[in-house]
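1. need a structure here:
(chains A and B)
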2 protein chains.
Amino acid sequence: MKWCRYQTGQNAPRFGIVEGDTVLDVNGSPFETYEKSGTRHMLSAVRLAVPCMPYNFYAVGANFRKHLEWASQRFKKPFGVPPQCDVGYRSPSALIATDEPIIIPADSEGPVQYEGELVAVVGRTAKKISKEDALRCILGYTLGNDLSERTWQFGDRTMWRGKNADTFKPMGPLIETDLDPNVQDIIVRINGKTVSEYNMSGAIYDLATAISRTSQYVTLHPGDVIWMGCDNACEPDIVAGDVIEIENKAIGVLRNPVTRASA
Amino acid sequence: MKWCRYQTGQNAPRFGIVEGDTVLDVNGSPFETYEKSGTRHMLSAVRLAVPCMPYNFYAVGANFRKHLEWASQRFKKPFGVPPQCDVGYRSPSALIATDEPIIIPADSEGPVQYEGELVAVVGRTAKKISKEDALRCILGYTLGNDLSERTWQFGDRTMWRGKNADTFKPMGPLIETDLDPNVQDIIVRINGKTVSEYNMSGAIYDLATAISRTSQYVTLHPGDVIWMGCDNACEPDIVAGDVIEIENKAIGVLRNPVTRASA
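-> Below is the predicted model of the structure:
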């Protein structure tokens, strides 16, 4: 089953169920009760919004060996394998939907890089959940692009603008409820050319581990998102004019053009 | 003017205006339009909720010299003055209201410490706002206790459980719209005894600086909160049975008892 949030005209986003090339509008949301309203749109006639607005925005980060090795070489800093799964935070303020432009701030020295990731969307409240039961709290999966301005990421005291400047967190296009998060292929294309392809089986910490450990201390809430990190190099660096696509066969394509703010 | 969010019985929280010892219920919220509903409660007859549920939760942190000097000595790590104001993140999931219990996780090795802080509540959307105009986006001010489990704060890869375990972010009791954030006294008491008292004039980065700089890259939204950091040592360490009070004369008292989870 595929959930989306969509907009028509100037209306506020609404949840819908995607069936083929149509969207079935619902009253309510996948996080509470809902019923089909009877309204149906052509998918091509609506604008997809960020598929959920998270209450808490978690990122596993540092979760693939080839990515850590690449980052260690490229940035001449040691990025070791984390000894345990410690999630970080990203900011809901940075979220944009598929097709919306990524805007590189005017004073960015760069490099600015993509990180194409699988994103788990929490559907039910969970606290102290076992690894065995962990995936039961998940509604489904979407895609994320964890845009990173490396000068700020490594130079500032926190990752506030390096990872969370406005527009730096594209997420979408929709939420697929039926897939196995541990065997998904994630593909990244820039301007139509594949620049990274990896499988989630390479994750150092799988989603169940991340959920179970996090939930020992922190209650997970419906709508919270958990970004799973990415493998491989994140090259080439991106520049204004690029179009970045993150693809998973079941979820679809998260596609965002890149622009640069004028000074 | 004093805003609160309050609950009666099993009803969902509603916004209200505090006048003397009463709460005037409103339809709507201070972040959009509102009107008094005509319902009035005795303040003593309602439960105060977290005064707003932030969309983004920012913390200036590392913002007072005596606090940095104390932390450097106590934890034998150098905490220098940050060369620029870089905000960090905290998790809305950790918020609790005044009078709700702080629960120290069963496996905490500690020390667990208070950090009593002034909190600014954003009232209007702001992007690229000047330092001169910065405070115009603020609705008002409340108090926060940035509870910290130091073993986890310094030992984990991120501050996810060290600063954001469930119940680690008491905030309240209400939002005072009329005060100067740069001259407020913040007082911390444990079990009735004053353990810290400082004035916001000692902040390394004042609120206007934090807002203006942050907003150059990040849009501030109504309901977002900015915690301003604390001065002084954060001792004694807290233990189950303690009652912690953070006080500001204009805002009131944020009071939370401390318990410990059973293993």
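2. residue ranges for the helices of the stretch 151-263 of chain A, please.
-> Using DSSP state H, counting those that start in this stretch, the helices assigned to the stretch 151-263 of chain A run over residues A:160-164, A:207-215.
3. could you say which of the ones you listed is packed most deeply?
-> Burial of those is given as mean neighbour count (mean count of other CB atoms under 10 Å in any protein chain shown); helix A:160-164 ranks first at a mean of 25. No exception for glycine: its C-beta is placed from N, CA and C like everyone else's.
4. residue contacts, residue A:173?
-> Contacts for residue A:173 (CB atoms under 8 Å, 6 or more residues apart in numbering or on different chains) come out as A:4, A:48, A:51, A:97, A:98, A:142, A:143, A:251, A:252, A:253, A:254, A:255.
5. can you give me the neighbour number for residue A:27?
-> Residues near residue A:27, counting by other CB atoms under 10 Å in any protein chain shown, number 13.
6. and for residue A:236?
-> Other residues near residue A:236 come to 14 when the count uses other CB under 10 Å.
7. show the pLDDT at it.
-> In this model, residue A:236 is scored at 98, pLDDT.
8. what does the stretch 101-250 of chain A have sitting close to chain B?
-> Residues of the stretch 101-250 of chain A lying near chain B by CB under 8 Å from any CB of the partner chain: A:105, A:127, A:156-158, A:160-161, A:164-166, A:214, A:216-221, A:224.
9. ok, back up a step: how about TSV for the helices of the stretch 151-263 of chain A, with mean pLDDT added?
-> Output for those, formatted as TSV (pLDDT from 0 to 100):
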stretch	mean pLDDT
helix A:160-164	98
helix A:207-215	98
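10. CSV for these, including distance to residue A:170?
-> Below are the helices of the stretch 151-263 of chain A laid out as CSV (distance: least, CB to CB, whole Å):
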stretch, distance to residue A:170
helix A:160-164, 13
helix A:207-215, 20
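11. returning to that earlier point: sort out which of the residues of the stretch 101-250 of chain A next to chain B are buried, if you could.
-> Buried residues within these, counting neighbours by 16 or more other CB atoms under 10 Å in any protein chain shown: A:105, A:156, A:158, A:160-161, A:164-166, A:214, A:217-221, A:224.
12. can you tell me which of the residues you listed lies nearest to residue B:259?
-> For those, the residue nearest residue B:259 by CB to CB is residue A:217; the value is 15.3 Å.
13. touching chain B at all, stretch A:70-87?
-> Yes. For stretch A:70-87, a contact with chain B is found by CB under 8 Å from any CB, at A:82, A:84, A:86, A:87.
14. those, buried ones only, as a PyMOL selection?
-> For the buried members of the residues of stretch A:70-87 next to chain B, the matching PyMOL selection, counting by 16+ other CB under 10 Å, is:
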select buried, chain A and resi 82+86+87
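15. and residue A:109, helix, strand or coil?
-> coil (DSSP: H, G, I helix; E, B strand; the rest coil).
16. now residue A:214. Nearest residue, chain neighbours left out?
-> residue A:87 (5.5 Å; CB to CB, 6 or more residues apart in numbering or on different chains).
17. isn't the one you found right next to residue B:160, touching?
-> Yes. At 5.0 Å, residue A:87 counts as touching residue B:160 under the criterion of CB atoms under 8 Å.
18. pLDDT on stretch A:45-53, on average?
-> Throughout stretch A:45-53, pLDDT has a mean value of 98.
19. contacting residues around it?
-> Residues outside stretch A:45-53 that contact it (CB under 8 Å, 6+ apart): A:3-8, A:13, A:16, A:23, A:31, A:92, A:95-99, A:121, A:142, A:171-175, A:223, A:225.
20. again, 6 Å this time
-> With CB atoms under 6 Å, 6 or more residues apart in numbering or on different chains as the test, stretch A:45-53 has contacts from A:4-8, A:13, A:23, A:95, A:97-98, A:121, A:142, A:171-175, A:223.
21. rewinding a little: and of the contacts of residue A:173, the nearest to residue A:244?
-> Distance to residue A:244, by CB to CB, is smallest for residue A:255 among these, at 7.3 Å.
22. for the nearest residue to that closest one once chain neighbours are set aside, list each beta-bridge partner.
-> Leaving aside its chain neighbours, residue A:255 sits nearest to residue A:245 (4.7 Å; criterion: CB to CB, 6+ apart). Listed by DSSP bridges, the beta-bridge partners for residue A:245 are residue A:189, residue A:255.
23. so who does residue A:245 touch?
-> Residues near residue A:245 by CB under 6 Å, 6+ apart: A:189, A:253, A:255.
24. and for the second one, nearest residue in space, chain neighbours not counted?
-> What sits nearest to residue A:253 in space, not counting adjacent residues and going by CB to CB, 6+ apart, is residue A:247, at 4.8 Å.
25. since we're on that neighbour, how many residues are nearby?
-> Close neighbours of residue A:247, defined as other CB under 10 Å, add up to 18.
26. distance of it relative to residue A:6?
-> Separation of residue A:247 from residue A:6 (CB to CB, to the nearest Å): 20 Å.
27. quick revisit: dump the residue contacts of the residue nearest to residue A:214.
-> Residue A:87 neighbours (CB under 6 Å, 6+ apart): A:58, A:60, A:214, B:160.
28. possible to save those as CSV with distance to residue A:180?
-> Shown next, in CSV, are the contacts of residue A:87 (distance: CB to CB, whole Å):
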residue, distance to residue A:180
A:58, 20
A:60, 17
A:214, 20
B:160, 26
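29. list just the nearest of those to residue B:39.
-> Taking CB to CB as the measure, residue B:39 lies nearest residue A:58 of those, at 38.7 Å.
30. so that closest one: helix, strand or coil?
-> Relying on three-state DSSP, one would call residue A:58 strand.
31. that one - how many residues pack around it?
-> Neighbour count of residue A:58, defined by other CB under 10 Å: 27.
32. tell me the spacing between it and chain B.
-> To chain B, residue A:58 is 8 Å away according to CB to the nearest CB, to the nearest Å.
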